[in-house]
Structures are given as structure tokens and as C-alpha cells.
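Chemist: Return atomic coordinates for the entry below.
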Amino acid sequence: MGLSVLNCTVIVHLLETYYLSPAYGMESCIGFPGNLLAVLGYIFCLREWQSCNIYLFNLAVSNFIFICTLPRFSFLYAKEQSETQPFACVFNRYVLHVNLYSSILFMVWVSMDRFLLVKYPSRNHYLLRVRTALILTGLSWIAVNAEIAPMVVLMVQDLQSRNWSLCKDFASLTGDINLLGYSLGLTLTGYIVPLLALCGFSCQIAHLLQNQEKALQRRTSSYKRPLRVVAATTAMFLILYTPYHVLRNIRIAFRQPWAAGMELCTKTYLESLYILSRPLAFLHSAINPVFYFFMGDRFRELLITKLKKIVRQIG
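Modeler: Purely as a prediction, here's the structure:
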């Protein structure tokens, strides 16, 4: 029995060293050039910005900042060390969760934009205006930071209780705020509601295209791309985010006093599944550059033209 318990407790340590470290390192290597190229492309290639470009640029910036924190996580897990600098502990996890929830929120606005563009090709709807996009972007950053603020408080309280020497992940925090209630609320407002909005826009675009096909008596294949991209976005967040949020809440629930009698190995296996889900959830930051090139109006063409010009100048 003692040997069994010893073996199961080693799983977490092995996953952190040999799974989290290479996974974060791989995501950093894949996501860094793609997001950097997107950010620079929006800054130097786009002369006329439209609403969709504003949402995607903010998404690219958020992803790029987060990707820059991953090498630190990878290094610490590889060295089997905990973050020793309190500011770095709070800042890195703040950036991580802000990116987590701003990404899906900005994709909601992009999906809304694609739906309105199919419905109003002349861009005469006020939600397609640049000024409206800037307002929605500002409100989105405020909303996400408001959602994450209690987590920052919890991280500071947890660090204080540990003499500022041990940095814990979100599901392991302790403080004055009810962690399970907060995590469930964050899951609802930060993930489930935006996911339902993505599903809603996918259905609306599909319905609109069906009506257009019936009215025009021909297949509107040129308008099918927004539907495919929005549907792919919804599927991506559903696949990547769901395991993380489900397992995070289960992990926190089983740390409650009523679960004190649960076997140690059972808790360890649940924590191991939660660890497996974390890089999967953050993989969206490495995948998102694909959407920049297919969603932005003429962005791909402008970027390719710019790159060819640079190559010719160098050659």
C-alpha cells in the first residue's frame, strides 16, 4: 500500500518535468514567430484598418505577450524549481489568464464581425465601424481584467501565507475568496457564455447563407469561408478549453474539506489529468495565427506582398 501511494505521488512530479516543460517550450517555439509576424504585419502592412483587423490585432498582441512568458515556465519546470520572484509569479499567471479569456472574447467579436459582413456586405452597420470596434475592444480589456482581479488578490494572499517563497498555480491557491465559487463563476462568464456566443454566430451565418442560396438559386460559395472559419474557431475553443475548465473545477472541488477522506492516489490522478489539460488549453495561442491570415480582410495578401518585397531588397 505504501509503495503504491509513493508511486502515484511521483506522477505529478514527472508530468511537470517531462511534460509541462517540453510542451510549453514547443508552444513557445511555434507561437512566437507566428504571433510576432502577425503583430508586425498589422502595424506595417495595413494602411486602412477595419473592425475585424482591430479585434485580430488585439488578439495577436495578447497572444504574443503570453507566448513570451512560456519560456520561463518551461525553464522552471525543467529545473524542477518554483518561481522565487513574487512579482514574476503574479505577473506571469496574470498574463496567462488574461490571454486565456481575452482570446475567446476577441474571437466572439471577430465572429460577430464576419456575421455582420455577410449580412451587410456594404459595411453600413454601426457595429462594423472602426470606432465601435475600438470601444468594444476597450470594454473587453476592462471586462477581462475585472474577471481576473480576484485571482490576483488570491495569488498575493497565497504568497503572503507562504512567506513569498512558493508560487502556486490557480487551482492550488488559498485565500479569503471562495476559490471554487470564483472558478465556477469565471468558467461561466469567461468561457461558457463566449462559447455559446460563438455557437450562436456560427448558426446565424449558416442560416443566413441558406437563405441566400434559396433566394439566389445558386451556391454562395464565396461567402462560405466566414462560416468555415467561425465554426473552426468554435470547435478549437470547445476542444482545447473544455478539459481544462472541467478538470480545474474538479481539482479545486476535491481540495474542499468535504473531500478530505478521499484517497491520496485518487486526488493525485485528478491533479495529473488537470496538468495534462493545461498545455492543451494554452495551445490556442500557437494556433491563432492561422486565423489571422484567413479572417483579416486582405491581410494575407498584403503580408505576402510585403514579405516578397523585403526578400527582393535583401537579395
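
Chemist: what number of residues lie near Met151?
Modeler: Residues within reach of Met151, counting by other Cβ atoms under 10 Å, total 22. The way it works is simple: take the backbone N, C-alpha and C, and place the C-beta from them, glycine included.

Chemist: can you tell me the helix or strand for it?
Modeler: Using DSSP states H and E, the element containing Met151 is helix 130-161.

Chemist: Next secondary structure element downstream of that helix?
Modeler: helix 179-187.

Chemist: The helix holding Met151 to helix 179-187, inter-axis angle?
Modeler: 170 degrees (axes from the mean of the first three to the mean of the last three Cα atoms, to 10 degrees).

Chemist: Could you list every helix and strand that helix 130-161 packs against?
Modeler: Counting contacts by 3 or more Cβ pairs under 8 Å, 6 or more residues apart in numbering; DSSP states H and E, helix 130-161 is packed against helix 51-78, helix 86-119, helix 179-187.

Chemist: Please render the ones you listed as CSV that adds mean pLDDT to the earlier fields.
Modeler: Shown next, in CSV, are the helices and strands packed on helix 130-161 (pLDDT from 0 to 100):
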stretch, mean pLDDT
helix 51-78, 93
helix 86-119, 93
helix 179-187, 96
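
Chemist: how about these, which one is nearest Leu273?
Modeler: Among the helices and strands packed on helix 130-161, helix 179-187 comes nearest to Leu273, with 15.9 Å by Cβ to Cβ.

Chemist: hmm, who's touching that closest one?
Modeler: For helix 179-187, contacts defined as Cβ atoms under 8 Å, 6 or more residues apart in numbering pick out 101, 147, 150-151, 154, 170-171, 173, 245, 248-249, 252-253, 255-256.

Chemist: Please indicate which of the residues you listed are buried?
Modeler: Applying 16 or more other Cβ atoms under 10 Å to these, the neighbour count classes 101, 147, 150-151, 154, 170-171, 173, 245, 248-249, 252-253, 255 as buried.

Chemist: what sits against the closest residue to Gln157 other than its chain neighbours?
Modeler: In this structure, Gln157 finds its nearest non-sequential neighbour in Gly175, 3.6 Å apart by Cβ to Cβ, 6 or more residues apart in numbering. Listed by Cβ under 8 Å, 6+ apart, the contact set of Gly175 reads 153-154, 157-158, 161.

Chemist: List only those of those flagged as buried.
Modeler: Buried by 16+ other Cβ under 10 Å: 154, 158, out of the contacts of Gly175.

Chemist: what's the nearest residue to the most centrally placed residue in the chain if we skip its chain neighbours?
Modeler: Closest residue to the average C-alpha location of the chain: Leu100 at 3.2 Å, with Cα atoms, centre = their mean. In space, and not counting its chain neighbours, Leu100 is closest to Ala281: 6.8 Å by Cβ to Cβ, 6+ apart.

Chemist: for Val144, what are its contacts?
Modeler: Applying Cβ under 8 Å, 6+ apart, one finds that Val144 lies in contact with 98, 101-102, 105, 190.

Chemist: Relative to Ala253, how far out is it?
Modeler: Relative to Ala253, Val144 is positioned 24 Å away (Cβ to Cβ, to the nearest Å).

Chemist: Ok, Leu76 next?
Modeler: As judged by Cβ to Cβ, Leu76 and Ala253 stand 27 Å apart.

Chemist: Also Ile135?
Modeler: Ile135 sits 38 Å away from Ala253, going by Cβ to Cβ.

Chemist: same check, this time on Leu247
Modeler: 10 Å.

Chemist: Go ahead and confirm Leu116 touches Arg129.
Modeler: No. Leu116 is beyond contact range of Arg129, at 10.6 Å (criterion: Cβ atoms under 8 Å).
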